[in-house]
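Undergrad: Sequence and predicted structure below; questions after.
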Amino acid sequence: MLSYDIVVIGGGPAGLAAAIEAKKNGANKILVLERDRELGGILQQCIHNGFGLHVFKEELTGPEYADRFIQELKSMNIAYKTNTMVLTLTNDKIIHAVNPEDGYMTMKAKAIILAMGCRERTRGAITIPGTRPSGVFTAGAAQRYINVEGYMVGNRVVILGSGDIGLIMARRLTLEGAKVLAVVEIMPYSGGLNRNIVQCLHDFDIPLYLSHTVTNIRGNHRLEGVTIAKVDENRKPIPGTEIDYDCDTLLLSVGLIPENELTSKAGAEIDPKTNGPVVNESMETTIEGVFACGNVVHVHDLVDFVTEESRRAGRSAAKYVKDRLNSDGKEVKTEARNGISYIVPQRIRLDNIADKIDLFMRVRKIYENVRLIVKADNEVIQGVKKRHLAPGEMIQIILPSSLIKEKSFQTLSIEVEE
């Protein structure tokens, strides 16, 4: 059986950043496992710019952003295997994997970092009525067809869902000569970043229909058209508001799901709100020595945040391997209250906080001119004014350790005060 200090499952932006940071912090025998044919993950098909503004202070495309980490990984002689599928992971940190070159492999790790990313929701998850013709794609699948494989998916397009991938694909298809007829969103607000709404829709005069959904799909072999309709407050279609579009392509941008089959089978606790593992301040799951980072924990809107979070996981895994991570001491839980959907991390061991703790969260709806209130039990310890909050944009609050390390409390909560 192969033996490693740290095995990183996933060679996308999260896995690369975690492996590099673990190496910088003294871990020696590291292996990165990636199921695709190359490192870089989803970034390899994201040829648009807008990456790296926080980490590198410059604007890069997805492949450029990935390449910086790939080159650094190689320069540090960190081992990696591509075309490698991890089959199972046990709670005693034994990994079973397979690839065409090595065949079936088992390996033992002192620490494991989960960085498998996320996948898209498909048509089956949202149950649209109608026939089952070709021409219905997830936005990410269409992105790969166009940007990596060189295939055009269609000419007249309707996009359901206003997540960032859907918005970006509206622009991409327009630039390739397709006619994007409409972007349809069932919620009364967009699920994407405001900058993508402006740059991808407004700049190209593509209409965005909020509080609308697709109610029918037409066509036998190839998609021939879709019907959209306005929805009420219960997201039910309103009769008489239907609009018919003749189109040959429907893209679905209806949400992302963290890839946690391995995580849950290994026995780690899953947070039902994030669909990712419960983690602590060190990005350690409820299985000792198994860490997680990136979109496998919760879906991020910026890859720069993925990198920062993954570096923390890499540092923590290196400390764990060297027996420098405190597993005892006082632990408090975070709690999402009024207006907050979730908070990551869900648990905080105070003894492992050096100077600050980063808390990430999303709100349930759009807010204007509010305060985020942080409480230790029922004592307010911080208030942060926010001019605008939206579910599509992740929020970060940085708490200095001096605010919480000297206090006696059980729960750290955050809520929206209007």
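TA: It's in.
Undergrad: looking at this structure, which helix or strand does the model trust least?
TA: Ranking every helix and strand in the chain by mean pLDDT, DSSP states H and E puts helix 123-126 at the bottom, with a mean of 86.
Undergrad: From the contact counts, what lies against the helix or strand following it?
TA: Stepping forward along the backbone from helix 123-126, the first helix or strand reached (DSSP states H and E) is strand 136-138. Secondary structure elements in contact with strand 136-138, counted by 3 or more C-beta pairs under 8 Å, 6 or more residues apart in numbering; DSSP states H and E, are strand 249-252. Backbone N, C-alpha and C define where each C-beta goes, glycine included.
Undergrad: Within its sheet, name the partner strands of the strand it packs on and how each one runs.
TA: Looking at strand 249-252 with DSSP bridges, its partner strands are strand 136-138 (parallel), strand 156-160 (parallel).
Undergrad: tell me the phi and psi of the residue lying farthest from the centre of the chain?
TA: Here the chain has its C-alpha centre computed as a mean, and the residue farthest from that point, by C-alpha atoms, centre = their mean, is Gly240 with 37.2 Å. The phi and psi values for Gly240, taken as degrees, to the nearest 10, are phi 90, psi 0.
Undergrad: With the one 3 residues further on instead?
TA: When read as degrees, to the nearest 10, the backbone of Ile243 gives phi -130, psi 130.
Undergrad: How about Asn196?
TA: phi -70, psi -30.
Undergrad: Just name the most buried of the strands paired with strand 249-252.
TA: Between those, strand 156-160 has the highest mean count of neighbours, a mean of 25, where neighbours are mean count of other C-beta atoms under 10 Å.
Undergrad: What residue spans form the domains of this structure?
TA: The domain map for the chain lists 1-119+255-325, 122-254, 329-418, with the assignment taken from automatic domain parsing.
Undergrad: Return the mean pLDDT over the first one, rounded to an integer.
TA: In other words, domain 1-119+255-325. Mean pLDDT, computed over domain 1-119+255-325, is 96.
Undergrad: okay, now Ile9: neighbour count?
TA: By other C-beta atoms under 10 Å, 27 other residues sit near Ile9.
Undergrad: Quick check, it in contact with Leu114.
TA: Yes: using C-beta atoms under 8 Å as the test, Ile9 is close enough to Leu114 to be in contact (5.5 Å).
Undergrad: before we move on, back to that, need the strands paired with strand 249-252 in JSON lines with mean pLDDT and distance to Asp102, can you?
TA: Supplementary listing: those in JSON lines, determined by pLDDT from 0 to 100; distance: least, C-beta to C-beta, whole Å:
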{"stretch": "strand 136-138", "mean pLDDT": "96", "distance to Asp102": "31"}
{"stretch": "strand 156-160", "mean pLDDT": "98", "distance to Asp102": "41"}
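Undergrad: Serialize those strands to TSV and add fields for distance to Lys330.
TA: Shown next, in TSV, are these (distance: least, C-beta to C-beta, whole Å):
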stretch	distance to Lys330
strand 136-138	44
strand 156-160	47
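Undergrad: Quick one: closest of the ones you listed to Gln346.
TA: Put simply, out of these the one that sits nearest Gln346 is strand 136-138, at 29.0 Å, with distance taken as C-beta to C-beta.
Undergrad: Identify all contacting residues around the closest one.
TA: Taking contacts as C-beta atoms under 8 Å, 6 or more residues apart in numbering, the residues outside strand 136-138 that touch it are 120-123, 145, 153, 217, 223, 249-253.
Undergrad: now for the least confident helix or strand of the chain, which elements pack on it?
TA: In terms of contacts (3+ C-beta pairs under 8 Å, 6+ apart), helix 123-126 is packed against no helix or strand at all.
Undergrad: What residues of that helix count as buried?
TA: By neighbour count, and taking 16 or more other C-beta atoms under 10 Å as the criterion, the buried residues in helix 123-126 are Arg123.
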